[in-house]
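Colleague: using only what follows, build the 3D model:
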Amino acid sequence: MPEVPVLADTEKVLMAGNGESEKRRAHELIERLAPRQASAVVGLLERMLDPVSRAIANAPTDDEPLDPSEEKALSEAKEWLKHNKPIPHEQVLAELGITLEELDRFIKST
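Modeller: Numbers count the residues shown, from 1 in each chain. A predicted model of the protein is given here:
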């Protein structure tokens, strides 16, 4: 498969700026992908188009200072980790009576 001159083409697309040329270029690149690569791109596009994922991706960074109670909780957690091993996600779910498969199904259904 020939190497794709991404930077030069991307610069051309950005200079065009109308959106349609970007879509055409995306279609051209997708047509050149192997099936497994196309599957990965489809997953990415689905996440990009999902309104919740899009809102999260576009959300501003939380740059507010921590209040005293948050500072205290963070310090306590850091101190706890100095003397204890972290609790794996799977263990927390198990203690709540939830399996990873159930969580995955729930996430996919939302």
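Colleague: can we go C-alpha only for contacts and neighbour counts from here?
Modeller: Noted.
Colleague: farthest from the middle of this structure: give me that residue.
Modeller: Centroid-distance maximum for the chain: H83 at 31.9 Å, with C-alpha atoms, centre = their mean.
Colleague: quick check: what element follows the worst-scoring helix or strand of the chain on mean pLDDT along the chain?
Modeller: Sorting the helices and strands of the chain by mean pLDDT, DSSP states H and E puts helix 6-16 at the bottom, at a mean of 51. Scanning forward in sequence from helix 6-16 by DSSP states H and E, the next helix or strand is helix 20-31.
Colleague: now that next one - C-alpha only, PDB.
Modeller: Only the C-alpha atoms of helix 20-31 are listed here, as PDB (Å, rounded to 0.1, in the frame of the first residue of the first chain):
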ATOM      1  CA  GLU A  20     -17.000  19.200   1.600                       C
ATOM      2  CA  SER A  21     -13.400  18.600   0.500                       C
ATOM      3  CA  GLU A  22     -12.700  17.200   4.000                       C
ATOM      4  CA  LYS A  23     -15.500  14.700   3.600                       C
ATOM      5  CA  ARG A  24     -14.300  13.800   0.100                       C
ATOM      6  CA  ARG A  25     -10.800  13.200   1.400                       C
ATOM      7  CA  ALA A  26     -12.100  11.100   4.400                       C
ATOM      8  CA  HIS A  27     -14.100   8.900   1.900                       C
ATOM      9  CA  GLU A  28     -11.000   8.500  -0.200                       C
ATOM     10  CA  LEU A  29      -8.900   7.500   2.800                       C
ATOM     11  CA  ILE A  30     -11.500   5.100   4.100                       C
ATOM     12  CA  GLU A  31     -11.700   3.300   0.700                       C
END
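Colleague: show me where the chain dips below the pLDDT cut-off.
Modeller: Scanning the chain for pLDDT under 70 picks out the ranges 1-18.
Colleague: can you list the domains in it?
Modeller: 6-58, 68-109 (automatic domain parsing).
Colleague: what's the neighbour count on E64?
Modeller: Neighbourhood size, E64 [other C-alpha atoms under 10 Å]: 6.
Colleague: got it, and S53?
Modeller: 13.
Colleague: check which helix or strand covers it.
Modeller: helix 51-58.
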